[in-house]
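K.L.:
Generate a structure from the sequence data that follows.
(chains A and B)
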2 protein chains.
Amino acid sequence: MKKRIAIDMDEVIADVLPKFLDIYEEKYGRRPSEEEYWGRKLYEIEGVRALRNVLFEKGFFRDLPIIADSQVVLKELSERFDLYIVTAAMEFRNSFEDKYDWLADHFPFIHWRNIVFCGDKSIIKTDWLIDDHPSNLETFSGTGLLFTASHNVKEERFHRVNNWQEVRAYFADKE
Amino acid sequence: MKKRIAIDMDEVIADVLPKFLDIYEEKYGRRPSEEEYWGRKLYEIEGVRALRNVLFEKGFFRDLPIIADSQVVLKELSERFDLYIVTAAMEFRNSFEDKYDWLADHFPFIHWRNIVFCGDKSIIKTDWLIDDHPSNLETFSGTGLLFTASHNVKEERFHRVNNWQEVRAYFADKE
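P.N.:
Sure thing, here's the model as predicted:
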């Protein structure tokens, strides 16, 4: 039986940050510097917490850019592993259809059987989980890979992958 | 740590059959007899396969009746166990919001963190799974409980629970 890899969506295959930078700029008239949001989420900058509310809007997740190389590397990995897209969508009721349609557009080789919308990821049983949230990796029973995002750059407990080329390299000798 | 129970939705807490019987009657002018669909799904009766298409329509899952005693028994169990609603919704893109809203209406004590929309349930890691589909129990790594539905009455491989009072009794001495 093929081993299984669970892959998070936001900030792993779907790029949320550029959209947040645009929304910030539109609201505050300037682009925030990387220093301002390094080590945290953009909406954790003091005074801009309300930015997070856009996550609850229809359409937010529908047109996100694709993280570089995620399509080609996942397509390759799908030949040797069973892949599951596992996204903590449940907080965002209006994201379901957008996320589903986005995956169908950009990752058509991922079957609906292999898509999971959940909350708490601790009940997911796969061999690996690629995720940008340390909290998801903390409770994961398999091997966690921390995908680099601005908010997790100070995290040191997990095997870090900075991009999809590093994911490709990591799995080169796995089976 | 509390042990975990995963609970399927359709034909376990949400009653799909009465709606299908109504749709059948509307289309064919008569109610099918229990003998006709005993041991299978209603839409597996010869010649009526197309009935299944209603599952893809918006609204189908929004107003399903609640299976008797599921609310009260799950509320009780939620005090001693971590409960996860795990439904194979992914085949039905138009069911997501309906299922989410239905759960919020009828099972408000289930937090969004504890709701899972998936396809293949073999990646779910809980101690128990209550499900009407033998195929889901076959690949489950914990203890499966087969919730009786017309289509599974001939199945003999799993511990069977015929209703929510039997679920209550089963868990009475578990912890």
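
K.L.:
use CA for all of it now, contacts and neighbours both
P.N.:
Will do.

K.L.:
quick one, helices of chain A?
P.N.:
A:17-28, A:34-37, A:70-77, A:96-106, A:134-138, A:164-171 (DSSP state H).

K.L.:
Show me which residues of the third one are buried.
P.N.:
Taking 16 or more other CA atoms under 10 Å in any protein chain shown as the basis for neighbour counts, the residues of helix A:70-77 that come out buried are A:70-71, A:73-75, A:77.

K.L.:
and the angle from that helix to helix A:96-106?
P.N.:
70 degrees (axes from the mean of the first three to the mean of the last three CA atoms, to 10 degrees).

K.L.:
per-residue confidence averaged over helix A:70-77?
P.N.:
The average pLDDT for helix A:70-77 rounds to 98.

K.L.:
Between the helices of chain A, which one is closest to B:N136.
P.N.:
Among the helices of chain A, the nearest to B:N136 by CA to CA is helix A:96-106 (22.4 Å).

K.L.:
how about the closest one, does it reach chain B?
P.N.:
Yes. Helix A:96-106 reaches chain B (CA under 8 Å from any CA of the partner chain) through A:96-97, A:100.

K.L.:
same for that helix, what does it pack against?
P.N.:
helix B:96-106 (3 or more CA pairs under 8 Å, 6 or more residues apart in numbering or on different chains; DSSP states H and E).

K.L.:
interface residues of chain A facing chain B?
P.N.:
A:90-91, A:93-94, A:96-97, A:100, A:112-120, A:123-126.

K.L.:
Isn't A:I66 up against A:A14?
P.N.:
Yes. Using CA atoms under 8 Å, A:I66 makes contact with A:A14 at a distance of 4.9 Å.

K.L.:
between these two, who's got more neighbours?
P.N.:
A:A14 (22 against 18; other CA atoms under 10 Å in any protein chain shown).

K.L.:
and the more buried one, what pLDDT?
P.N.:
98.

K.L.:
what's near enough to touch it?
P.N.:
A:A14 is in contact with A:64-67, counting by CA atoms under 8 Å, 6 or more residues apart in numbering or on different chains.

K.L.:
Which one of the residues you listed sits in the busiest neighbourhood?
P.N.:
Using other CA under 10 Å as the neighbour criterion, A:L64 leads these with 20 neighbours.
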